[in-house]
Every structure is written in C-alpha cells, then in structure tokens.
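> structure here, sequence nowhere to be found:
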C-alpha cells in the first residue's frame, strides 16, 4: 500500500473578488522512500496542494472542497485536529522556503529543536539535547555541541536552512514535505542542502515531496514528477519519462525555456503569454492559449483529465493538438515586438 | 591588503566607455553605544578594476553577499565609492558633485530586481514613463509625449492602450517590461540590470532575457547584467566577471569563462547548477564547496577563497593577496596557484 | 524638470527611440486603469457600517452648518422669563437656564466642535506629513535632529502647555486651534517618517533617484502619495480625538468661552444641571457621541479599505 495516496484534491479560496480554484482535482501517490517532485510556476497550485495535505490552509478564505488524502490508512483531510496534531511534526514534517522567517528569532535553536521531539516522544531534556546535537552534526553544522544554544540570527541563511532540516528530521518522520527548500539559497549551498536531504532519505527511507519551480533540482533528486499548471496536473510519471518522453506541450515548452548551460544560439525559446488566472473559470486545456502546437480545434467544456499510458506515464490530453511533433519545430523563435502581450488581470 | 596593488587589468579612462579603477565601497557599521569601539567595516566592494566596452553586455556573477548589488549601485552613484574612480565616456563620475551627478543620470539607468517594488504603485504607466522621458526632453508635452510613451511600450512588447493602467493591474513579467521601458525613457547609454529576471517565473524569464538582449543590440546600448545564475548570464553576456567577497576572481569572454573556466570557484558555480537531465544529474560528479560564503565583515586574508576551496592553500596564499592576471589572452583570473592551476588539472570543462 | 541643461538634450543620438509607423493612439482605445484609491473606494462602499457612518456624519455636518439659518432663534438671544423648559413644539430641544434655544445652540456648538476638529487635523496633517516625510527622506543627522525636536515637544505636558499659552496670550479660540494642532502633528510626523523610512528602501524610490529627480519631486510625487493611506486613517481618527481634547479644555474653562458654545461647553453646562434639566445634557451629548462613533467606524472602514491585507475576510 502506498504511504500517501491523494485523490481528486480540490482547494479553493473564497475571496471578496471571487472564487480562486487554486487546486482543482489533483491525484497522486507516494511510496515509502520515494521522492516526488511537484513542479510548476507561481500560481500553479503546487504549494497549496501540500499545504492542504498538512491542513495549513488559512480557513477562511481557503477551503478544502473535496478529495481524500490517505496517509497510512487515515484520511488527512477529514481526521480531527487532535489526530492531525499527532501526525504533524512526527510522521509528516515540512521545510519552508524562507529560512530567515521560519525560525522563531526569540528562542534558542536548542529549544526549537527539542520542542517537537519532546512533544511526540517521551524523552528527558538531556537525551533530547544530545539528539539535537547529533541532528545538527548530521546536517553539517560545525561545532554543533556549541552552536546548539545559539539564536537563529547567529546563523547564516544556508545554516538556518540546515537547522530547519534538522528540525524537520529530528522526529524521524515518514514523509518530508519540502516547499522550495533551496530557492532562497545560493547554488553552491543548494547542492549541499539537496545532498543532505538525499542522504537522510537513503538512511531512513523517508518519503519526500519536493515542491519547486526548478526542473534542474527535480532532475537530480526525484523519482517521480508531477507537472502542475493552473491548479491541475498536466503530466506525471517517472523523472525519466517526464524529462525524456514528455508528452504534454506545457512540459515540453517548459523544458525548452530553461536557459541552461546547454542552450546555445542567439534566442531563447519562450512560451508566449501569461499563466492562466485561476480566479476565472477555465474551459478546455488551461495551456491552450499559450500552446505552440498546431491545433485541430478549440478544446471546450471540461478541462482534460489525465490519460494513463501503459507504463504509468500520465498526461492531460486535450485531444486537439498534435503533440507528437518535436518541440523544436513548433516553438516560436523570437519575442518580436509585434507579439504584444495582452494585459490580463493581475495575479 | 595594506599596500596598493597595481591592477593587472589595463584601464584607459580616456578611451574606454566605462572604467572602474580600483573601486572600494565600504560600509562603516558605526560604533558601539558605550565603549565606542568600532563595530567593524563591511568591505562590500574591495578593489574592483573593470572596463566595459561600448555596446557590450558584461555579465557580473556571484553569490548573495558577494557585493554585486553594491557594485551596481556604486556605478549608478546611488552609493558613492569609498575610494577608486569611475569613468563613463571619459568623465569621472566619482568626482562629480551631487547636483552634477543628477544631470548626468540620464546617461545611465538601472533595471531593478523586484518588479513588484520598482514601480510607484500610485502612478499610471503613462505618468511613470512621461516623467522619465521628460528628464531628457523637459519640453515635450501633450500628444507628442503620449506618442513617445506609446512607442516605448511597443518597444518592450506591451500594448500602448494599457498606458493608463496602474502597476498592480499587470503581472510580474509585464511590470518588468514597464520597468525596462522606464529605464530606456531617458535614452541612456549604459543600463545596469540587477537580477532583472530572478523574481520571475521560468517561462517569463526567457521572454525578458530575449527582450533585453534584443534591445541592447538594436539600440546600441551597453549593459551590465548582474545575476547569481551563471546559466542566465552565459546566455546574455559577451563577457563575464565572477565576483566573490567584493573582488573579481575571473574575467573573460563568456564562452571562455563558461567553457574553459580558470578559477575553481567558477568551476564550482557551474557544476552546482542543476541540469534538467535526470540521468546525468544522478551520476555526474560535482565540485562541492565547503559551507557558506564568509561574511564580508571579516573576509579571510590572502586568497579570499581559501576557506571554501576544495584544494588546500599554503600559508603564503592565506596571507598574500593574489592579483587578477591575464592567464590566457583576454581571460583573467586571480593568480592564486591553488585556485587556478589545480582547477585546470582536476576537472574537465 | 527644468534643471536639465540643453546639452543633455543634444546628447540623445546615442539611443534613438525606434520609430513605429502608427505611434498615435486614439483616446477611446485606452484601457482605463483602476487606481489603488479607486479600488479602496469600491472596497469601502462594500462596508455597510462605514458607509452608514459616512452618511450620518455628513448629515450632522449639514445639520450644524445649514441648521442655524432655518431655525427662527439666535443662539445668544436670552429669554430670562422663559428660563429652562423641556422640549416643546416651539423649542424642539428645549431651552437652557438663560432661555436660549438649545436646538440652535447644539447646531452652533457642533459647528465650532467640528471646525476645531477639522482645522486642527488639517494643520496637523500639513505640518506632520511634510515634516515627517522630509526627516525620513533625508535621514541621517537631519532626521535625528528633526525627530529630537519632536520628542522635546512630546515631553511637554499638554495641559500645562495650553495653560501657558493662555496665560501668555490670553484666552482665544484660535489659540486653542494652534495649541491642539501643535500637539497632534507630532504623532502624524512620526507615522509619516516611519512610513517613508520603509518606502525609501523600495526600489521605485531608488529608481526615482537614479532618474535624477529632485528631492522635492521624490518627496511629493513618490513618497507622500504612498504614505497617504495610513495618514488618512489616522486623520479620521484624529478628528474625534481633537474634538475630545477641545471638550476637555472647555470643561476646564480653557477652551471656548461663553457666550460661544461648543459641544464640550454645552455638555459641561448640561452636567451641572443634570438632575433638574436632563435634556440640556442629553441632546449635545447625543450628537457628540454620534459624531465620535461615526468617525471611528469610518476610520476603521478606511483602514480595511486602504490596506486590504490587514482586513479580515
């Protein structure tokens, strides 16, 4: 049985300006020891998905409208707050994007580290401190025994993110949710942080959900990848399937736009236009207005659902574009001034 | 660090377009309240010598805290340098008074990182751009002014019928286009772009990069493009300077720096960039650096990279400051034997 | 922007604007933007309590300003034979111990109270915003000196300060305006200064500096409009605070002097005869309280409308 099985998760925000369908029917599953990457641009619903699993959506205005999230046989979305508290922090931990604001500046690192440990396990303070020191050593903090009593402001950004990871892993959770854990860090530090997460995962068999906008980070760490756009999954499969045999026009376009070291030549590929506004109803494929492929018609009605192929590789097929053509032949070559962006509603 | 080191990068303030001659920008952290001891000096820019040719795009790469933003604001004269000289077309900017600088500003403009913070939220696009156009053409009014605004908007790929809108009605990418239009409005010769795409989504980044590159070529502008992301800089820049703790470690043609890097730090930066390719990403070996960049408040002596370098430095290079030297034709790196030679041996490009 | 020399204009060949064929656009094609003020106004309109408060407040203003012309009595016309009478068909609010019509006195008292509130607020707004914005923008030693001066004024006990002024210059209503204005602008200046300090680090202000705009232009066009939101909220809340101060001073006998009356004076007179002639307290107190309520609700509504992030959804 899968460790986590999410089915048809839907989360909306009921704001004064209308209903924002941030997550609109997302399903995936995750086994013990696996790493799932959720990739998408801002507003794609990737963070809201994970915040919904942890029930960290501010209500109101947010509301989980439907779906199930079975974690080890229990539904995270319907269980009582009391049961949830037993799971949060102990069996599911979370790392947030900004290491500067996710530690309490008034408490010593030691206090913050042992807080969740002592909450969930029956350990005395001395054992807890020793465990905290071991956890800090494991994430590569030099002189951990001395620094464990420091305050957050005495650590640099990269060091704070290490402390966050130590804090998330100290209770040895079954599932770690990392929301853009390296976005605020430098590339040289990013590599170190990802190595720490990978190593812990190998040692303890922790399952990881990695939320990121960076396809490169996903390629290096994830077994499975979900590509999200406009609150829905556009494609899902193993990393190899998604990177080497991408089916959905959005996945393909996204891969082509990365100004990676391999890109040569004068112009970068671009996806014209803007991501969809999820506060307005979307008909047909959300990517349709930006899709570079030749169309045989305009998709209407419901948004296309995921189609599964024999090897477990899924993608949302609108059925109106010829996605078998290689991407190079269909992408626009330039961002010419004539291609005027229409001002959509701001996000 | 006490004595003045003769810069190895040749500078010719008379003929070069933009010259930075041994520029230092230090911030005094003040004195402690009771004991009046100095809290220290942050050497954000610590001896940078550079030239930028007319019409070229110079990429400036470095991690956070390396001083690249301070350097850009020093060139912009938003922060005055502590010492050193800055020349634009032979005119010494660093010697001008505040009033003189204000008149000179139309010749060099800046594009900022955060398009959500860089536009005045209370002004329409029309107002913002009109105000900027009139810095060079104070007498343009009415329809003429409006048609110039329309031209500018078209140039950056926005529909001119949007000119009466406010910044909050645009997306991040569109706002960045407005900010680019504002920087172009005074018809500057030099543009400094400080991380102009790092706050944007991946699919929008490439639109803005293409736009910047096209505009620079079409209008004959000179640009300093600052980024933490070597892969972005490599695409847009003609030459690349790699900065670390307030100093330039490597400088050369973009293809040389990326394909044949000299300094081990540049190699480490490149190898740290994750590639969107699962197979090679899971197998390839990387140069892993130790720890975080040190604080510019107490930078290490000597070759300032030694505490993080995977190659052990000897005592001499821990104290003696290396100099940026031309190691290959037009390709400079600090002459620290450990950082440069070792790099050439250990890792293939 | 007249300080740019002609030589700068000549240098524009360096980067000519690319010419497009149709550069003229007709007015009707333009998409009208919606400014943050407009957005705030539409949010305020959805807040029923705030709109009701605004309407009632405006009605009270009309009542006080236009009212006295419609009532056939003079506020100072005494009728000692009549004395204090309760509300009647002739005198809707009754009369006071000197036989003066309370309706017209409430109206005229309101005029003075509202005037004190508005004038003192406007004075404090003008001084506070300009002073605070200048201190915050220039920063450094100028800022430190300017703000120490504010601290100094803050340290003066308000009542003693007013009594001193009264002693030195004699009692006058205008002096009271000045006294209250002098105190109220201090908090305004502090709020504006801290707002400007925050804005100054924003990139659009750096952009304005790098475009070579003058200090005056940056302060007036780029800084002040962006701190006006909280300033308007504070101003709305300052009006009732000032009116309370005036009532307090009048209560002490330092404010408005008879035969002029403000709501504070009327309430003071009313409470002296509270047991015998309760209407003398009731009517002015009702209007005074209603005005304070309205302004406070309006201030709250404005805060939510101008800063949607702080508003509860």
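Alright, I've got the coordinates. Quick caveat: nothing in here was measured; it's all calculated off a predicted structure. Residues are numbered from 1 along each chain as shown, chains lettered A, B, ... in the order given.
> what's the burial count for residue 59?
Let's take chain A. Neighbour count for residue A:59, taken as other CB atoms under 10 Å in any protein chain shown: 12. Using the backbone N, CA and C atoms, a C-beta is placed for each residue, glycine as well.
> hmm, I had chain C in mind actually
Other residues close to residue C:59 by other CB under 10 Å number 12.
> would you say it is within a helix?
Yes: Residue C:59: assigned to a helix according to DSSP: H, G, I helix; E, B strand; the rest coil.
> and it, how far is that from residue B:213?
Taking CB to CB, to the nearest Å as the measure, residue C:59 falls 62 Å from residue B:213.
> show the model's pLDDT score for residue A:209.
Residue A:209 is assigned a predicted lDDT (pLDDT) of 92.
> likewise the one 4 residues further on?
Reading off the confidence values, residue A:213 has pLDDT 85.
> just to check, it is in contact with residue B:199?
No: judged on CB atoms under 8 Å, residue A:213 makes no contact with residue B:199 at a distance of 11.8 Å.
> list the residues that contact both of the two?
Counting by CB atoms under 8 Å, 6 or more residues apart in numbering or on different chains, residue A:213 and residue B:199 have no common neighbour.
> most centrally placed residue in the chain?
Just so you know, I chose chain A. The centroid of chain A falls nearest to residue A:211 when counting by CA atoms, centre = their mean (1.7 Å).
> that's the wrong chain, I wanted chain B
Most central in chain B under CA atoms, centre = their mean is residue B:226, positioned 3.1 Å from the mean C-alpha point.
> isn't that residue right up against residue B:192?
Yes: look at residue B:226 against residue B:192 with CB under 8 Å: they come within range, at 7.2 Å.
> shared neighbours of those two, which are they?
residue B:72.
> could you say which helix or strand holds residue A:19?
Using DSSP states H and E, residue A:19 sits in strand A:18-30.
> could you do residue A:66 as well?
strand A:62-71.
> show residues contacting that strand.
For strand A:62-71, using CB under 8 Å, 6+ apart, the contacting residues are A:2-14, A:22, A:25-27, A:48, A:52-53, A:55, A:57, A:75-78, A:87, A:91-92, A:175.
> could you rerun that using 6 Å?
The contact list for strand A:62-71, computed with CB atoms under 6 Å, 6 or more residues apart in numbering or on different chains, reads A:4-13, A:52-53, A:75-77.
> and if you look at stretch B:236-254?
For stretch B:236-254, the surrounding residues in contact (CB under 6 Å, 6+ apart) are B:43-46, B:48, B:56-62, B:66-68, B:209, B:213, B:225, B:233-234, B:257, B:262-263, B:265-266, B:296, B:299, B:304, B:324, B:331-334.
> measure residue B:258 to residue C:219 for me?
Counting by CB to CB, the separation of residue B:258 from residue C:219 is 45 Å.
> in the chain, which spans are helices?
Using chain A here. With helices called from DSSP state H, chain A shows them at A:46-53, A:81-87, A:109-120, A:125-138, A:144-147, A:157-169, A:187-204, A:215-221, A:239-244, A:249-257.
> that answer is for a different chain, and I need it for chain B
For chain B, the helices defined by DSSP H cover B:68-75, B:98-104, B:125-133, B:142-155, B:172-184, B:202-219, B:230-236, B:254-259, B:264-272, B:278-283, B:337-346.
> distance to residue C:41, mean neighbour count and mean pLDDT added to those helices, as JSON lines?
JSON lines is the format used below for the helices of chain B (distance: least, CB to CB, whole Å; neighbours: other CB atoms under 10 Å in any protein chain shown; pLDDT from 0 to 100):
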{"stretch": "helix B:68-75", "distance to residue C:41": "38", "mean neighbour count": "24", "mean pLDDT": "91"}
{"stretch": "helix B:98-104", "distance to residue C:41": "37", "mean neighbour count": "14", "mean pLDDT": "89"}
{"stretch": "helix B:125-133", "distance to residue C:41": "19", "mean neighbour count": "23", "mean pLDDT": "92"}
{"stretch": "helix B:142-155", "distance to residue C:41": "26", "mean neighbour count": "19", "mean pLDDT": "90"}
{"stretch": "helix B:172-184", "distance to residue C:41": "23", "mean neighbour count": "25", "mean pLDDT": "92"}
{"stretch": "helix B:202-219", "distance to residue C:41": "32", "mean neighbour count": "22", "mean pLDDT": "87"}
{"stretch": "helix B:230-236", "distance to residue C:41": "42", "mean neighbour count": "24", "mean pLDDT": "86"}
{"stretch": "helix B:254-259", "distance to residue C:41": "51", "mean neighbour count": "19", "mean pLDDT": "88"}
{"stretch": "helix B:264-272", "distance to residue C:41": "50", "mean neighbour count": "24", "mean pLDDT": "86"}
{"stretch": "helix B:278-283", "distance to residue C:41": "53", "mean neighbour count": "14", "mean pLDDT": "79"}
{"stretch": "helix B:337-346", "distance to residue C:41": "61", "mean neighbour count": "18", "mean pLDDT": "64"}
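> those: which one's closest to residue B:115?
The closest of those to residue B:115 is helix B:172-184. By CB to CB, the value is 3.7 Å.
> and for the closest residue to chain B within the stretch 1-150 of chain C, the neighbour number?
When scored by CB to the nearest CB, the stretch 1-150 of chain C has residue C:33 as its residue closest to chain B, at 3.4 Å. Neighbour count of residue C:33, defined by other CB under 10 Å: 19.
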